[in-house]
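Novice: Here is a sequence with its predicted model. Questions after.
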Amino acid sequence: MTMDQLLTEPEALARILEAVSATLETEICELWTASDRVIAADVYATVPLPRFDNSSMDGYAVRAVEAVEGARLAVRRTQAAGPAAGHELMPGEAIRIFTGAPIPARADAVVMQEECDRSGDAIVVRARVLPGENVRRAGEDLSAGQKICTAGTALQSPQLALLASQGVSRVEVRRRPDVAIIATGNELRSPGEALGPGEIFESNRVMLADLVHRAGAEPHPLPVVPDLPEVHEEAFLQAQRKDAIVVAGGVSVGEKDLVKASLRRLGGNVDLWRVAVRPGKPFMFGKLGSVPVFGLPGNPVSAFVTFLLFVRPALLKLGGRTRFQNPRIQAEAGEELRNSGDRPHYLRVCLRDGVVRLTGRQESHALFGLAQANALARLEPGQVVLAGNRVPVIRFGD
């Protein structure tokens, strides 16, 4: 296959992921600041959960053989949540107990307080209990030695709580990739600057910085790069200090599209260029030394779509995650969706309650329509999806 031949989306993604490896070093992170960090090594439980037999209800610890309907049991002692009081249940007796409290010796069940009547220092059982009823057994949720976190997992609140339950205060995580972000074009001005004739405000860097952050990496936007070879090369040399480079604009076939030529002059290489996808056909991937370079089209929608399809999975892999493919679901079309082109088309849609609808104009420059969307619907070349039929969808983010 020559450089000018279109690759399919799966072919392009496979080549990119093969070229990107998770080689970033690790660092120690306090558990309080470990949200969304990628854990570097498997973690195993040292404390069983529950740690001891305890009550799942407020009620009375009993021996099930005695706690039959109508039984009268004496109540002389109490076991609250916290340190075990060392009580031992005697025949004909119940011990007042609260949720989470240790089960006293010789007790094997808990009568809910709603299932008995209290009269002075005794209870009368209204409904019998079975052995083990309302008792959480030690280790029934988690046993010591069981794997609780797998390397490559991005830590979320449930995993953080599980680590805390083991007394873990610090974890070894992968360093977040540092990603340089470049926007090219003579017509571009940063927000806050004055616009001259034919000039526009540059919007790709702030959009890409957010996308990079959501992919678990640290964005480092560079100043806007005009269409001058020497400025392109200077920007690339500065960006080469990072773990990856994302460039918006300058990757098509015009005289001012200097990215590929600048990359090659600096000794870099272009591994692929042009992908059979719409929007985003002139997407490029290469390397400058060992640093992966992602060249995105300058139109904001094209840049967004190609980032989601190709850059996000690569950055997730670079950051050490083992799950980096974009999650796809099937949704119902709320209206007719049509692709009259010869490439797969990602339509910008709003997904709500399992139904997708278009969000305005679908051209690659239509930024307002993208801002109203929360998902992409994929249509094959020439495909028409009638309202009520199913269509594959990629939701933004996770």
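Specialist: Perfect, I can see it now.
Novice: Can you report how many residues lie near the residue nearest to residue 381 when sequence neighbours are not counted?
Specialist: Counting by CB to CB, 6 or more residues apart in numbering, residue 381 lies nearest to residue 342, which is 5.0 Å off, once chain neighbours are set aside. Heads up, the C-betas are built off the backbone N, CA and C, glycines and all. Residues contacting residue 342 under the criterion other CB atoms under 10 Å number 11.
Novice: Could you verify my assumption that residue 342 touches residue 379?
Specialist: No: at 11.9 Å, residue 342 does not count as touching residue 379 under the criterion of CB atoms under 8 Å.
Novice: Below-threshold pLDDT in the stretch 151-300 of the chain: ranges please.
Specialist: Across the stretch 151-300 of the chain, the ranges flagged by pLDDT under 70 are 253-256.
Novice: Do a quick rundown of the helices in it.
Specialist: Along the stretch 151-300 of the chain, counting by DSSP state H, counting those that start in this stretch, helices occupy 157-165, 204-214, 229-239, 259-265, 300-306.
Novice: Let's have those helices in a markdown table, adding distance to residue 246 and mean neighbour count.
Specialist: Formatted as a markdown table, the helices of the stretch 151-300 of the chain follow (distance: least, CB to CB, whole Å; neighbours: other CB atoms under 10 Å):
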| stretch | distance to residue 246 | mean neighbour count |
| --- | --- | --- |
| helix 157-165 | 29 | 15 |
| helix 204-214 | 6 | 20 |
| helix 229-239 | 9 | 17 |
| helix 259-265 | 11 | 19 |
| helix 300-306 | 9 | 25 |
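Novice: Next, format the ones you listed as a markdown table and append distance to residue 122.
Specialist: Listed next are the helices of the stretch 151-300 of the chain as a markdown table, based on distance: least, CB to CB, whole Å:
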| stretch | distance to residue 122 |
| --- | --- |
| helix 157-165 | 38 |
| helix 204-214 | 61 |
| helix 229-239 | 79 |
| helix 259-265 | 85 |
| helix 300-306 | 71 |
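Novice: Among those helices, which comes closest to residue 50?
Specialist: Of all these, it is helix 157-165 that lies closest to residue 50, at 9.9 Å by CB to CB.
Novice: what sits up against that closest one?
Specialist: Outside helix 157-165, the residues within contact range by CB atoms under 8 Å, 6 or more residues apart in numbering are 31, 34-35, 39, 43, 47, 49, 142, 148-149, 153, 155, 171.
Novice: of the residues you listed, closest to residue 285?
Specialist: residue 153 (26.8 Å).
Novice: Now the closest one: closest residue in space, sequence neighbours ignored.
Specialist: Nearest to residue 153 is residue 39, by CB to CB, 6+ apart, at 5.4 Å.
Novice: Among the contacts of helix 157-165, which one lies nearest to residue 17?
Specialist: residue 153 (18.5 Å).
Novice: mind listing what residue 246 touches?
Specialist: The contact partners of residue 246, by CB under 8 Å, 6+ apart, come to 179, 180, 181, 182, 208, 212, 294, 296, 307, 311.
Novice: still on that earlier bit, identify whichever of the helices of the stretch 151-300 of the chain lies nearest to residue 16.
Specialist: Of all the helices of the stretch 151-300 of the chain, helix 300-306 comes closest under CB to CB, at 11.0 Å.
Novice: and after the closest one, which helix or strand comes next?
Specialist: Next along the chain after helix 300-306, taking DSSP states H and E as the criterion, comes helix 312-318.
Novice: How far off centre is that next one?
Specialist: Taking CA atoms, centre = their mean, to the nearest Å, one finds the center of helix 312-318 at 12 Å from the center of the full chain.
Novice: Which other helices and strands does it contact?
Specialist: With contacts taken as 3 or more CB pairs under 8 Å, 6 or more residues apart in numbering; DSSP states H and E, helix 312-318 sits against helix 9-19, helix 204-214, strand 244-248, strand 291-296.
Novice: Contacts made by whichever helix or strand comes after that helix with the rest, please.
Specialist: Helices and strands here follow DSSP H and E; after helix 312-318, the next one along the chain is strand 328-333. For strand 328-333, the surrounding residues in contact (CB under 8 Å, 6+ apart) are 351, 354-356, 375, 377-378, 385-395.
Novice: Out of the contacts of residue 246, flag the one nearest to residue 271.
Specialist: residue 294 (10.8 Å).
Novice: who does that closest one bridge with?
Specialist: residue 246, residue 285 (DSSP bridges).
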